[in-house]
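[1] Provide a 3D model corresponding to the input given below.
(chains A and B)
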Amino acid sequence: MSKVLELSDKGHSVSVEALTVAYPHDDRLLIALQGVALEVQRGELVCVVGASGSGKSTLLNVLAGLERPTRGRAHVHGHVALMFQEAALLPWLTAAGNVELALELRGIKRSERKAIADELLHRVHLDGFERRRPHELSGGMRQRVALARALAQDADVLLMDEPFAALDAITRDLLHQELERLWRETGLTILFVTHNAREAVRLGDRVLVFTSRPGRVAHEVRVDLPRPRSLDSPELAVIAGRITDRLKHEMARTSDG
Amino acid sequence: MAEMAVELDRVEVDDLDPRPRVSRRLRVWSSLWPKLVAVALAIGLWQVVVWAGWQPDYALPGPGPVFKRLAQDLGTANFDLGVAVTLRRALFGYAIAVAIGSLVGILVARVIVLRKAIGAAILGLQSMPSIAWFPLAILLFGLNETAIFFVVILGAAPAIAGGLLSGVDHVQPLLVRVGRVMGARGLGLYRHVILPAALPSFVGGLKQGWAFAWRSLMAGEIIGIVGHQFSIGQQIQVARDFADSEQLLAIMVVIFVIGIVVDSLFGTLDTAIRRRWGLLGSEA
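    Numbering: from 1, shown residues only, chains lettered A, B, ... in the order given. Model (predicted):
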């Protein structure tokens, strides 16, 4: 009994086994994911890289409970928060209001919400912007609010679907640092999806390379570079280059077949 | 480094927010003067037609006599009572239409079977001219206020339900996903995400519903259903019977002004919501 407990305590935060997701499309089945297996340890930051059409977003949706597996299993230990390419803030609420809503839906008392929301916005360096509405914030600031909102959900696992893809290079670089810092402070488990191999190597303990149509884990790369890593470092570029080659290879293979 | 992040973002925000500091009075004036000019032009055109002698004065009096008559009428008990009766009916009928329209809208949005059954019918009802309901209303309820309310509600409620429905339909799917990931389900999802997101479209439906209610009410009163209450519509009909064009036009001015006032109230509400929702572009 104690052994089982210990296992689950130290064990996997995310485990996916033989996961297949297919959609009916016209009169045939469109297979988004086929036989995907992966595991993420508690507190690990794992990146998933794949070209478009590799079912990366489908994987996150299944893990977040927004879609059902057609076959196989996808299990997340604990609560899940999800971040998208768009910040997806509720436009009628202020920055603080968006964070407070996440707290409210978690059942936090009204009297405590404001203080917690202000503290979370402080942690993503948005002091002074609590009363701004999303349309008054820049893209980078909106993603910071989304990050604060994800933290407000007190999730054990944070699923991120190309969250920085629409940002300019400098803002993205800053947000990589912020994410890395918050990840270390909180001990969150993060599954980070991107199509950018450099970004994946910059952030991930491991990088999983997905094939396209149907999506499958084709390859796994463990990144042992010391943190914090620089996007421009030659070591990082070498690893990212290998991943990109692999992706190109996969894409060529699927377009041939 | 974090400091730098904030500084960078601050610069961006200042760029994003070039709200001109214009005084309130100037803003009101700049939106008011084109309207005043339009009114002046319309009255001028009216006067020109009268001067041209297209119709005799007793059929089409000029603005001068009409406004003089209006000034006299506005003080009389009968006239004011008529306006009060009509406004009371409009507000009461509209309030019921809002309640019914919202309820039906939310039910149809929520329940798929209902949606399939009457979603199209709601749109169809909107295009039904409300005056076509009057004969039936009279047969059902007799010559009384209930018949008027029946038609006012049938005119307004579908537009209100339709506004809510299309608002719910056009909520960004991403926001719904976010709501669900945060743990909002069922009614909570509606309260926190879907209904606020649908609000701008709902206000559009409310505005359209008011227009339908007001038209239906005028039609009903002009048909002259209720005998003992001297409403605006009835006064217009009496003025016609006595060939009293001055009175008739004076009342039409009142109807027009009420329409404009209510419309501008809705306009203010609409702009406030759109600004808050971030749906307005930079104001020119």
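[2] how about low-confidence regions in chain A?
    By pLDDT under 70, the low-scoring segments of chain A are A:1-10, A:53, A:254-257.
[3] what do you get for the stretch 151-284 of chain B?
    Residues of the stretch 151-284 of chain B that meet the cut-off, pLDDT under 70, sit at B:224-229, B:281-284.
[4] Now do stretch A:105-114: everything it contacts.
    With contact meaning C-beta atoms under 8 Å, 6 or more residues apart in numbering or on different chains, stretch A:105-114 is reached by A:96, A:100, A:103-104, A:116, A:152-154, B:182-184, B:188, B:192. (C-beta placed from N, C-alpha, C; glycine too.)
[5] ok, now with 10 Å
    Applying C-beta atoms under 10 Å, 6 or more residues apart in numbering or on different chains, the external contacts of stretch A:105-114 come out as A:79, A:96-97, A:99-104, A:116-117, A:130, A:152-155, B:179, B:181-185, B:188-189, B:192.
[6] Now it: buried residues?
    Burial within stretch A:105-114, assessed by neighbour count using 16 or more other C-beta atoms under 10 Å in any protein chain shown, is assigned to A:105-106, A:108, A:113.
[7] what's the span of that stretch, first residue to last?
    14 Å (C-alpha to C-alpha, to the nearest Å).
[8] And the buried residues of stretch A:105-114, which is closest to chain B?
    The nearest member of the buried residues of stretch A:105-114 to chain B, counting by C-beta to the nearest C-beta, is A:Leu105 at 4.5 Å.
[9] Mind jotting down where the helices sit in the stretch 51-200 of chain A?
    Counting by DSSP state H, counting those that start in this stretch, one finds helices in the stretch 51-200 of chain A at the ranges A:56-63, A:95-105, A:110-123, A:139-152, A:169-186, A:197-203.
[10] before we move on, what about chain B?
    Along chain B, counting by DSSP state H, helices occupy B:2-16, B:24-52, B:63-75, B:77-110, B:112-126, B:134-141, B:145-169, B:173-181, B:186-189, B:195-223, B:232-241, B:245-277.
[11] most packed of the ones you listed?
    Greatest average neighbour count among those goes to helix B:145-169 (a mean of 25), per mean count of other C-beta atoms under 10 Å in any protein chain shown.
[12] Wondering if stretch A:120-134 reaches chain B at all.
    Yes: residues of stretch A:120-134 contacting chain B under C-beta under 10 Å from any C-beta of the partner chain: A:124-129, A:132-134.
[13] Could you work out the end-to-end span of that stretch for me?
    Note: stretch A:120-134 ends 16 Å apart using C-alpha to C-alpha.
[14] Just give me how far that stretch sits from the chain centre.
    22 Å (C-alpha atoms, centre = their mean, to the nearest Å).
[15] now swap in stretch B:263-275 and tell me
    Stretch B:263-275 has its C-alpha centroid displaced from the chain centroid by 11 Å (C-alpha atoms, centre = their mean).
[16] could I get that stretch in PDB with only the CA atoms?
    This file holds the C-alpha atoms of stretch B:263-275, laid out as PDB (Å, rounded to 0.1, in the frame of the first residue of the first chain):
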ATOM      1  CA  ASP B 263     -32.900  55.400 -29.300                       C
ATOM      2  CA  SER B 264     -30.100  57.600 -27.900                       C
ATOM      3  CA  LEU B 265     -30.500  56.000 -24.500                       C
ATOM      4  CA  PHE B 266     -29.900  52.600 -26.200                       C
ATOM      5  CA  GLY B 267     -27.100  54.100 -28.200                       C
ATOM      6  CA  THR B 268     -25.300  55.300 -25.000                       C
ATOM      7  CA  LEU B 269     -25.700  51.900 -23.400                       C
ATOM      8  CA  ASP B 270     -24.500  50.200 -26.500                       C
ATOM      9  CA  THR B 271     -21.400  52.400 -26.800                       C
ATOM     10  CA  ALA B 272     -20.600  51.900 -23.100                       C
ATOM     11  CA  ILE B 273     -20.700  48.200 -23.400                       C
ATOM     12  CA  ARG B 274     -18.700  48.100 -26.600                       C
ATOM     13  CA  ARG B 275     -16.100  50.300 -25.100                       C
END
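[17] residue of chain A with the smallest distance to chain B?
    A:His135 (2.9 Å).
[18] OK, contacts around the closest residue to that residue other than its chain neighbours?
    Of all residues not flanking A:His135 in the chain, B:Gly278 sits nearest, at 2.9 Å (C-beta to C-beta, 6 or more residues apart in numbering or on different chains). B:Gly278 makes contact with A:89, A:91-92, A:133-137 under the criterion C-beta under 10 Å, 6+ apart.
[19] May I see the ChimeraX selection of the buried members of those residues?
    Buried subset of these, written as a ChimeraX selection, criterion 16+ other C-beta under 10 Å:
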select /A:89,91,92,133,134,136,137
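[20] Closest to B:Ala137 out of the contacts of B:Gly278?
    Closest approach between the contacts of B:Gly278 and B:Ala137, by C-beta to C-beta: A:Trp92, at 39.6 Å.
[21] Test my guess that that closest one contacts B:Ala197.
    Yes: A:Trp92 is in contact with B:Ala197 according to C-beta atoms under 10 Å; the separation is 7.7 Å.
[22] Now for those two: what residues contact both?
    Each of B:Trp277 lies in contact with both A:Trp92 and B:Ala197 under the rule C-beta under 10 Å, 6+ apart.
[23] Give me the contact list for the lengthiest helix in chain A.
    For chain A, the helix with the greatest residue count under DSSP H is helix A:234-256. For helix A:234-256, contacts defined as C-beta under 10 Å, 6+ apart pick out A:47, A:49-54, A:195-202, A:207-214, A:216, A:218-219, A:221-226, A:229-231, A:233.
[24] among the contacts of stretch A:105-114, which ones are buried?
    Neighbour-count burial (16+ other C-beta under 10 Å) is assigned, among those, to A:96-97, A:99-104, A:116-117, A:130, A:152-153, A:155, B:179, B:181-182, B:184, B:189, B:192.
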